[in-house]
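Chemist: What shape does this take:
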Amino acid sequence: MNTKRKQTDSESLRRKRLRIVSGFTTVVLLMILFSLQSLIEDVRIDASAFEISYEANETFPQAGNTYTLYADGEYWGEIDQNRFCMIDENGQTDYKYCVLMEDASRLAYIIILCSMLLLVLFIVKDSLEKTPFTRKNINIVKAISILQLLLGIIPGTVRTVMSQLRFGYSSALLDEKWVYMIIIAFIIGSIAYVFEKGLDLQEDVDSIV
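Modeler: Predicted structure coming up:
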C-alpha cells in the first residue's frame, strides 16, 4: 500500500515538474517569436514611414525632451540619437536600417538569454531529483558562462557589422554594459571551475573509501 502511494506521489510530482518545464519553455519560445515578429513587421514598413520627433518625455517629465521614433505615425519607442542618426557617404540617414539593426541585435540578445534560462531550468529540474553537483550540471554551468560572454559581445557585434555594411563606420555601438557581462561570465566560469575541483576531490575520497 505504501509502495503504491509513493509511486503515485512520485508520478504526480513528475507531472507537475513536466508542466512547469513545458510552461517555462513555452514562455521562452514566445519571447523569441515576439522578437522575430517585430523584426519581420519592421522589414515590411516602407523606409519613408519612419520619422524622429524631439519631444517631452511623458513617462519621466523630469528627464526633459527625448528623441522618439514613429513608424507610419505610430509610436515605435524612445531612441538613442547616436544610433539612429548615422549618415552614409552621401550624407543620407536611414532610419529603417537603424531600426533593423536594433531589431536584429535584440533578437540575438533574446535568443542567447533564453538559451541561458533553459539551461538554468534544466539544472533546477535535475537538482529536484538528485544532487546538483554532478559532472553534467558543471558542464552546463560552463556553457552558461560562455553564453553570458556571448550575451555581452554578440548583440553589439551585430549592430557594428550591420553599421559597417550600410554606413561604412560604427561609432559607440557596443553596449556600455558589455564589460559587466564579461565580468559576470568570468565569475560564473570560476564557480564552475571550483565546483569541478570539489567534485574531483569528492570522487577521489569516495574511491579511497
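
Chemist: which regions of the chain lie under the pLDDT threshold?
Modeler: By pLDDT under 70, the low-scoring segments of the chain are 1-14, 16-17, 58-63, 128-129, 171-176, 209.

Chemist: for it, which residue is closest to the average position?
Modeler: Leu113 (2.7 Å; CA atoms, centre = their mean).

Chemist: What sits closest to that one if chain neighbours are left out?
Modeler: Leu151 (6.4 Å; CB to CB, 6 or more residues apart in numbering). The way it works is simple: take the backbone N, C-alpha and C, and place the C-beta from them, glycine included.

Chemist: Val194 versus the residue nearest to the centre of the chain, what's the distance?
Modeler: 25 Å (CB to CB, to the nearest Å).

Chemist: Equivalent analysis for Ala56, please.
Modeler: Where Val194 is concerned, Ala56 sits at a distance of 51 Å (CB to CB).

Chemist: hmm, back to that, might you report the residue contacts of the residue nearest to Leu113?
Modeler: 109, 112-113, 116, 181, 185 (CB atoms under 8 Å, 6 or more residues apart in numbering).

Chemist: Where does it fall, secondary structure wise?
Modeler: Leu151 is part of helix 135-167 when elements are defined by DSSP states H and E.

Chemist: right, and Tyr97 touches Arg166 too?
Modeler: Yes - applying CB atoms under 8 Å, one finds Tyr97 in contact with Arg166, separated by 5.2 Å.

Chemist: which of those two has more neighbours?
Modeler: Tyr97 (18 against 15; other CB atoms under 10 Å).

Chemist: if I look at that one, how far off is Ser163?
Modeler: In terms of CB to CB, Tyr97 sits 9 Å off from Ser163.

Chemist: can you check Met31 too?
Modeler: 25 Å.

Chemist: Of these two, give the one with the bigger neighbour count.
Modeler: Neighbour totals were compared for Met31 and Ser163, and Ser163 leads with 19 against 15 (other CB under 10 Å).

Chemist: And the helices in this protein, which stretches?
Modeler: 2-44, 81-84, 95-129, 135-167, 178-208 (DSSP state H).

Chemist: So for Tyr70, which of the ones you listed sits nearest?
Modeler: helix 95-129 (9.7 Å; CB to CB).

Chemist: so how far is the closest one off the chain centroid?
Modeler: Distance of helix 95-129 from the chain centroid (CA atoms, centre = their mean, to the nearest Å) equals 3 Å.

Chemist: and that helix, what other elements does it pack with?
Modeler: Counting contacts by 3 or more CB pairs under 8 Å, 6 or more residues apart in numbering; DSSP states H and E, helix 95-129 packs against helix 2-44, strand 50-56, strand 65-71, helix 81-84, helix 135-167.
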